[in-house]
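Student: Quick one, fold the following:
(2 chains)
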Protein chains: 2
Amino acid sequence: MKKLRIKDIAKDLSISKTAVSFILNGRAQEKRISGELVERVEKYIQEVGFRPSAIARGLRTGKSNIIGLMVESISDPFFATIARLIENEAYKEGYRIIYCSTDNDTEKTKELINVLRERNVDGYIISPPPGVEKEINELIKAGMPVVMFDRYLAKVKTDYVVIDNEFSAENATRYLLKQGYRNIGFITFSSSLTQMKGRMKGYRTALREEGWKPYVLEIDFTPDEKVMVQTVKDFLVANPKLDAVLFGAVQAGACGLKAMTQLKMKVPQDLAVISFDDHDIFELFATPVTAIAQPIEKIAHKVISLLLDRLDAENGAGVVKEIVLKTRLKVRASSGVKAE
Amino acid sequence: MKKLRIKDIAKDLSISKTAVSFILNGRAQEKRISGELVERVEKYIQEVGFRPSAIARGLRTGKSNIIGLMVESISDPFFATIARLIENEAYKEGYRIIYCSTDNDTEKTKELINVLRERNVDGYIISPPPGVEKEINELIKAGMPVVMFDRYLAKVKTDYVVIDNEFSAENATRYLLKQGYRNIGFITFSSSLTQMKGRMKGYRTALREEGWKPYVLEIDFTPDEKVMVQTVKDFLVANPKLDAVLFGAVQAGACGLKAMTQLKMKVPQDLAVISFDDHDIFELFATPVTAIAQPIEKIAHKVISLLLDRLDAENGAGVVKEIVLKTRLKVRASSGVKAE
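Tutor: Numbers count the residues shown, from 1 in each chain, chains lettered A, B, ... in the order given. Below is the predicted model of the structure:
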């Protein structure tokens, strides 16, 4: 593959590289380059498809109208839906979104921050993995607007939008207790991120205050779902006393429902279920599953509004906004009253 | 928000803009600029966070190591999963992916092609809407590698990866006939795209050859799912003779299952079901749903391999590869033998 370079244009048209560069950078008039020459270069460019550098233009206007969006994994339905809603709102405001998946991998995320930075994006929306505090703080120091969501980094002072994870998990656990369940498991992904720690804490608080024992399974995430389903099966078989389970994320819930189906467990008779994040699989499962629904539209709207506010602001500073939104427990048949 | 410009650097360090520009463009030695001055500029840049234009470097090296990936909607689980797998493989080969959603909107897609082009991406992976033939042909003419997937454009001569849509739909319809169903509906999204036309054709062929009447519902896609669910409900109520239905896409299937649940229809007793594309909702539905599974891993692998081959090739030409992959009918309980 061959890309056209300034020197190629100069050579083909038998003019100086400097003249080509001035024309490409919109400085022809200032540099008193003849209209005839500008036309020749523009015609040539149109024919062969070279485009002047957006970044070169960005250096003059200071804007690319592109927002970089970094999520844990674009194949996670929660992130995919939020990304889509953010893209829609941004598009209406004249901004384009480019996405990347971080895999929650610290090194990959650092590198992707650089990729986006070199692409001259105007601002960043990030659901960060641990360990990228330095890189994000550098962006902020350089005057770049950054909004975090889903989780935040304690050592980064910038706007974020999260949900009340601790309360949501505590509330769901108390709901299961109220329905008569006593041996309630928590099945989630192992994670040191704020949102996951909040969910774990809420679950433990409810059980501790009511005097019941916690049963926790932290799955190591792997793209091979069968391995994770087997992990859940092993846990359920090893803990026959369990009468209910709270899942800490959609994908944990999906693995759990598959494990329970394979073990021919009836919901809620053998095991009552509540899961974080609402999703079609919960609505359409044999026994519809009670879900802790995040306000997806509101999250997306807040995230993009905060970023647009910062993009519009004349200076990068201003009060840091930390938005915590409420969830809703969508009660369905999977958490019905415990049978005697 | 303020971005640093070449003239700001020059002013702050009291040196000429030309010198700054030469240093940023890696031409300091060639231009006999002192090492001391280069160091001052580099130190300044490190401190304030300015980065030399990746595109300026791209003009010299001819590479950005970025691939642009344009899908219909990143919130569609089919595209989200493919995008993720492509990203994983590309990452291993040293390429980063930036995604956009086209919404199947011709104008938006044209604009996004320009956005990516201005970001200096090395190549494009596109599942194109209709009407962008001219823009894609311009990319190809400019020497850019382009691979299409999921659907193709007849007037664009470039590599693509699709599945055998017509055979897959015909095969699924014949399977329902073999199981004893006679009044088989096809519920899909209205679309002029090759893959959707192929599915429709396969469905019609099977019924015509066996002498049965087609019942087709083409849903106009809208982000408001409730509207689409209602459309399916109206269709099912208006056609009480239907004993089976083939869904043309995951999201049509999801709407259909919700409509059937609301109408309290039993699967397969009241209505047998097969849907295009496998998904958790089909595996976990009250009656597990028979699905036409696309070879997602293979599609992703082929797409990125074709693009990498073109990126590695010295010239942009070469034989156009048109890859058609087979699907697999995953038989589950929803298409059981028709009850007498």
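Student: can you map out the helices along the stretch 151-300 of chain A?
Tutor: Remark: helices assigned in the stretch 151-300 of chain A by DSSP state H, counting those that start in this stretch are A:165-178, A:194-210, A:225-238, A:250-262, A:280-284, A:296-312.
Student: likewise the stretch 1-150 of chain A?
Tutor: For the stretch 1-150 of chain A, the helices defined by DSSP H, counting those that start in this stretch cover A:6-13, A:17-24, A:35-48, A:54-61, A:77-92, A:106-118, A:133-141.
Student: The first one near chain B at all?
Tutor: Yep, that's helix A:6-13 we're talking about. Yes: applying Cβ under 8 Å from any Cβ of the partner chain, one finds helix A:6-13 touching chain B at residue A:6. C-beta here means a position set from N, CA and C on the backbone, and glycine is covered the same way.
Student: List the buried residues for that helix?
Tutor: Judged by neighbour count using 16 or more other Cβ atoms under 10 Å in any protein chain shown, the buried positions of helix A:6-13 are A:6, A:8-10.
Student: returning to that earlier point: just put the helices of the stretch 151-300 of chain A in a markdown table and tack on distance to residue B:131.
Tutor: Converted to a markdown table, those look like this (distance: least, Cβ to Cβ, whole Å):
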| stretch | distance to residue B:131 |
| --- | --- |
| helix A:165-178 | 45 |
| helix A:194-210 | 42 |
| helix A:225-238 | 38 |
| helix A:250-262 | 36 |
| helix A:280-284 | 31 |
| helix A:296-312 | 28 |
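Student: For the stretch 101-250 of chain A, list the residues in contact with chain B, please.
Tutor: Taking Cβ under 8 Å from any Cβ as the contact definition, the stretch 101-250 of chain A meets chain B at A:101, A:108, A:111-112, A:114-115, A:117-120, A:122-123, A:138-139, A:141-145.
Student: thinking again about what came up before, right, and out of the buried residues of helix A:6-13, which lies closest to residue B:41?
Tutor: Closest to residue B:41 out of those is residue A:6 (21.7 Å), distances taken as Cβ to Cβ.
Student: Now do the same contact list for the closest one.
Tutor: By Cβ atoms under 8 Å, 6 or more residues apart in numbering or on different chains, the residues touching residue A:6 are A:17, A:20-21, A:24, B:59.
Student: do residue A:66 as well
Tutor: Residue A:66 neighbours (Cβ under 8 Å, 6+ apart): A:95-98, A:119-122, B:115, B:119.
Student: Quick check: ChimeraX command selecting the buried ones in these.
Tutor: Buried subset of the contacts of residue A:66, written as a ChimeraX selection, criterion 16+ other Cβ under 10 Å:
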select /A:95,96,97,98,119,120,121,122 /B:115,119
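Student: Tell me which entries of the contacts of residue A:66 lie within strands.
Tutor: If you go by DSSP state E, the contacts of residue A:66 have A:96-98 in strands.
Student: the bottom helix or strand of chain A by mean pLDDT?
Tutor: Using mean pLDDT, DSSP states H and E, helix A:54-61 stands out as the lowest-scoring helix or strand of chain A, at a mean of 44.
Student: Look up how far chain B lies from the nearest residue to residue A:241 once chain neighbours are set aside.
Tutor: Of all residues not flanking residue A:241 in the chain, residue A:183 sits nearest, at 4.7 Å (Cβ to Cβ, 6 or more residues apart in numbering or on different chains). According to Cβ to the nearest Cβ, to the nearest Å, residue A:183 and chain B sit 24 Å apart.
Student: And for residue A:260?
Tutor: Separation of residue A:260 from chain B (Cβ to the nearest Cβ): 10 Å.
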